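Colleague: One predicted model, sequence on top.
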Amino acid sequence: MENQLMEKIVALCKRRGFIYPGSEIYGGLTGTWDYGPLGVLLKKNIKDLWWKEMVQLRSDVVGVDAAIMMNPTVWEKSGHLEAFTDPLVECKICHQRFRADKKEEVKAHEKTHKEKPQWTSPQKFNLLVKAYLGIIEGQQDEIFLRGEITQGAFVNFENVVSSTRVKIPFGIAQIGKAFRNEITPGNFTFRSREFEQMELEFFIRPQDAEGDKWFEYWRQERMKWYQALGIKKENLRFRKHEDKERAHYARFAEDIEYNSPFGWSEFEGIHHRGDWDLSRHNLSYVDDDGKKFTPWVIETSGGVDRSLLFFLIDAYAEEGDRKVLKLNPKLAPYKVAVFPLLANKEGLVAEARKIYEVLKPWMMVAWDARGNIGKRYFAQDEAGTPFCVTVDFQSLEDGTVTVRDRDSAKQERVKIVTLLEYFQDKLQ
Ligand code: ATP
């Protein structure tokens, strides 16, 4: 059943233009995915809503957008060259490689062999992706594509403090791509080799009580955000990291997990990074009274791709023949779809086109004049479009249209002149 659900989501994503396999016409590239016309809109909505919540609506957070390629010293200082590793084991029978800490995956593989498999002992495998920069062949510098976007916020700590009016406690927010040479990419986009993160580094005074207070505050805020955007409460939980699984920088850490078809899975981490990063980069902060100290950091690190996948899974429903993505309207790629009842009646097409043009500057609007109305509703339900507008013969007489609600499938007549206001109100 659960595998079936994943298969359905993957197929819907391809069919409707949310997500395609990366470089598909050349056989793909493992661990990479391309977002199509609907996927890119959904992704943008997630990032815009996150930015609004974490930067625009707050007065204690500012944003940065740091370069993906960084001086390699960053990765030495941050500890990633030494410790950004996963334990790799190889099956001695078929030579497939796995993460030793993902016990379920290792066990599942053991079942595929008749004889009891033997494993190599775990080796540390560094996840940083290498690249080469420079114009003289043979003398190029080895650099790394960033394995987490986090360091871009830390290396700009002094720049931000001196170029803005932020005072501790304050945060630096950032959204951007990260790259990891994952040992076992899989579960659709869940574990990719190229993905996007949305992160907050929140700088506080170094005291245990302060750390606990802000850690608690941010874990609650982040959980509330996912719930407010419609993920069902029962599909969300916190999970504390055990001592042995914590990243090299973390004093303590907790994940927000989703009850996915492949089990409870992390899609955001709340990390208490202590003074690990700033002290490794030799950075500090001077208070108004001249006292110098190294701030502590509480981090919220979410995956754009993983949350997108979980928003899709959580919103997917089958009701009779129809498959529907009951996405929160704020997330929905298209907000409204406009149709003329019949594509070959000029009067209907012209009126529908007028409505389409009026709404378009304000929101993403889809146009569909193919097939019959039933087929168009079917397609828009799968795309998660909250409202469909149909222009029919009555529209030409009394200036009203049918508005059909995605979730209830109920229809009502609305005056064309009030449509923009009607949708703005519903989409707030
Ligand atoms: P995992 O153990 O599941 O690989 P992680 O603990 O290494 O994840 P973090 O380093 O805490 O992940 O990264 C923060 C967030 O970035 C994750 O919660 C996730 O949403 C996202 N992320 C990390 N690795 C990947 C990946 N390979 N593909 C997609 N998203 C990822």
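Modeller: That came through fine.
Colleague: Quick one: neighbours of residue 424, just the number.
Modeller: 13 (other C-beta atoms under 10 Å). To be clear about C-beta, it is placed using only N, CA and C from the backbone, and glycine gets the same treatment.
Colleague: Next up, phi/psi of it, please.
Modeller: The phi and psi values for residue 424, taken as degrees, to the nearest 10, are phi -60, psi -40.
Colleague: my read: it touches residue 362, true?
Modeller: Yes: look at residue 424 against residue 362 with C-beta atoms under 8 Å: they come within range, at 6.9 Å.
Colleague: Can you give me the domain boundaries for this protein?
Modeller: Segmentation of the chain into domains, based on automatic domain parsing, reads 2-73+130-314, 85-126, 334-426.
Colleague: right, so of the ones you listed, which gets closest to the ligand?
Modeller: Smallest distance to the ligand across the domains of the chain (C-beta to the nearest ligand atom): 2.1 Å, for domain 2-73+130-314.
Colleague: what secondary structure does residue 183 sit in?
Modeller: coil (DSSP: H, G, I helix; E, B strand; the rest coil).
Colleague: okay, the domains of the chain in JSON lines with mean pLDDT and distance to residue 324 next?
Modeller: Putting these into JSON lines (pLDDT from 0 to 100; distance: least, C-beta to C-beta, whole Å) gives the following:
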{"stretch": "domain 2-73+130-314", "mean pLDDT": "95", "distance to residue 324": "10"}
{"stretch": "domain 85-126", "mean pLDDT": "90", "distance to residue 324": "31"}
{"stretch": "domain 334-426", "mean pLDDT": "96", "distance to residue 324": "4"}
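Colleague: Columns distance to the ligand on top of these, output as a markdown table?
Modeller: Output for the domains of the chain, formatted as a markdown table (distance: least, C-beta to the nearest ligand atom, whole Å):
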| stretch | distance to the ligand |
| --- | --- |
| domain 2-73+130-314 | 2 |
| domain 85-126 | 8 |
| domain 334-426 | 21 |
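Colleague: and residue 322, which of those is closest to it?
Modeller: domain 334-426 (5.4 Å; C-beta to C-beta).
Colleague: Now do the end-to-end distance for that closest one.
Modeller: Length of domain 334-426, first residue to last, C-alpha to C-alpha, to the nearest Å: 14 Å.
Colleague: Stretch 99-106 now?
Modeller: OK, stretch 99-106 end separation, C-alpha to C-alpha: 8 Å.
Colleague: List the buried residues for that stretch?
Modeller: Neighbour counts over stretch 99-106 (16 or more other C-beta atoms under 10 Å) mark 99, 100, 102, 105, 106 as buried.
Colleague: mind listing what residue 90 touches?
Modeller: 96, 97, 98, 119, 120 (C-beta atoms under 8 Å, 6 or more residues apart in numbering).
Colleague: which residues does it bridge with?
Modeller: Residue 90 has the following beta-bridge partners by DSSP bridges: residue 97.
Colleague: how near is it to residue 98?
Modeller: Using C-beta to C-beta, to the nearest Å, residue 90 is found at 8 Å from residue 98.
Colleague: Pull out the buried residues from the contacts of residue 90.
Modeller: residue 98.
Colleague: For the nearest residue to residue 193 once chain neighbours are set aside, what is the enclosing helix or strand?
Modeller: Computed as C-beta to C-beta, 6 or more residues apart in numbering, the closest residue to residue 193 that is not its neighbour in sequence is residue 31, at 3.3 Å. Using DSSP states H and E, residue 31 sits in no helix or strand.
Colleague: I figured residue 31 hits residue 192, correct?
Modeller: Yes: under the criterion of C-beta under 8 Å, residue 31 makes contact with residue 192 at 5.0 Å.
Colleague: ok, these two, which is more surrounded?
Modeller: In this view residue 31 and residue 192 are compared by other C-beta under 10 Å, and residue 192 has more residues nearby, 23 against 19.
Colleague: Now the residue most central in space within the chain: closest residue in space, sequence neighbours ignored.
Modeller: With distances taken as C-alpha atoms, centre = their mean, the chain has residue 304 as the residue nearest its mean C-alpha position (1.4 Å). Excluding its sequence neighbours, the residue lying closest to residue 304 (C-beta to C-beta, 6+ apart) is residue 196, at 3.8 Å.
Colleague: so the one you found, which of the three states?
Modeller: Per three-state DSSP, residue 196 ends up strand.
Colleague: which residues sit in contact with it?
Modeller: 43, 47, 175, 176, 177, 178, 303, 304, 305.
Colleague: Please list only the buried members of those.
Modeller: 43, 47, 175, 176, 178, 303, 304, 305.
Colleague: Residue 357: neighbour count?
Modeller: Other residues close to residue 357 by other C-beta under 10 Å number 12.
Colleague: so it sits in a strand?
Modeller: No: applying three-state DSSP, one finds residue 357 to be helix, outside a strand.
Colleague: Now render the buried ones among the contacts of residue 196 as CSV, adding secondary structure.
Modeller: Output for those, formatted as CSV (three-state DSSP):
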residue, secondary structure
43, helix
47, helix
175, strand
176, strand
178, strand
303, strand
304, helix
305, helix
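Colleague: closest to residue 343 among these?
Modeller: residue 43 (31.3 Å).
Colleague: From residue 217, how far off is residue 106?
Modeller: Distance from residue 106 to residue 217, by C-beta to C-beta: 37 Å.
Colleague: Revised request: answer the last question for residue 294.
Modeller: 21 Å.
Colleague: Of these two, which one has the most company?
Modeller: residue 294 (18 against 13).
Colleague: so where do the strands sit in the stretch 301-428 of the chain?
Modeller: With DSSP state E, counting those that start in this stretch as the criterion, the stretch 301-428 of the chain has strands at 316-319, 322-325, 336-340, 365-367, 387-391, 400-405, 411-415.
Colleague: What lies in contact with the third one?
Modeller: This points to strand 336-340. Contacts of strand 336-340 (C-beta under 8 Å, 6+ apart): 348-349, 351-353, 355-356, 359, 363, 365-369, 373, 376, 380, 385-391, 423.
Colleague: Next: the fourth one.
Modeller: By C-beta under 8 Å, 6+ apart, the surrounding residues in contact with strand 365-367 are 334-339, 352-353, 356, 359, 380, 383, 385.
Colleague: Can you pick out the most distant pair from the residues you listed?
Modeller: The farthest-apart pair in those, when distances are taken by C-beta to C-beta, is 353 and 383, at 20.2 Å.
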